[in-house]
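Engineer: Need a 3D model of the sequence below.
(one chain, ligands or ions: 1)
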Amino acid sequence: MENIMDNIAKDPNIDDTFKNAIKGPVKTYDTIEAHEEQTKYCEEKKAPHFAPHSNCYSCGRNIYAEGGISVEEARESLITGCPFCHRSYCE
Ligand SMILES: [Zn+2]
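Structural biologist: Numbering: from 1, shown residues only. Modelled structure (predicted):
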């Protein structure tokens, strides 16, 4: 059985805005870029940079790895805890 969402995603005649709208928010995982985005976010907002540079202090996983914090999330929000073990960095 064909997946209608896949067909829409592949159809070059369908507008990208619409494709993104049905797909939901885009999540790009890039450990280096996400860290840079979070650093910029903290500088711009004069917010404390809670997040570790790569690996969580508690579980040792890279917080920006796939399934963790996306580049988009790092660009738009302050990271205060681990996405995997939920350890808070601001306590
Ligand atoms: Zn963790």
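Engineer: and the closest residue to residue 56 other than its chain neighbours, what is it in contact with?
Structural biologist: Excluding the flanking residues, the one nearest residue 56 by C-beta to C-beta, 6 or more residues apart in numbering is residue 82, at 4.3 Å. (Glycine included, C-beta is placed from N, CA and C.) Taking C-beta atoms under 8 Å, 6 or more residues apart in numbering as the criterion, residue 82 is in contact with 56, 58, 59, 61, 63, 89.
Engineer: Let me see the contact set for the residue nearest the centre of the chain.
Structural biologist: Nearest to the mean C-alpha position of the chain, by C-alpha atoms, centre = their mean, lies residue 70 at 1.3 Å. Counting by C-beta under 8 Å, 6+ apart, residue 70 touches 27, 28, 29, 34, 64.
Engineer: quick one on the thing from earlier: give me the buried subset of the contacts of residue 82.
Structural biologist: Among the contacts of residue 82, those scoring as buried are 56, 61, 63, 89 (criterion: 16 or more other C-beta atoms under 10 Å).
Engineer: ok, so what distance separates the second one from residue 14?
Structural biologist: If I follow you right, that is residue 61. 37 Å (C-beta to C-beta, to the nearest Å).
Engineer: and what of the last one?
Structural biologist: Summarising the geometry, the distance separating residue 89 from residue 14, computed by C-beta to C-beta, is 41 Å.
Engineer: So is stretch 72-79 next to the ion?
Structural biologist: No - for stretch 72-79, no contact with the ion is found by C-beta under 5 Å from the ion; the gap never falls below 11.5 Å.
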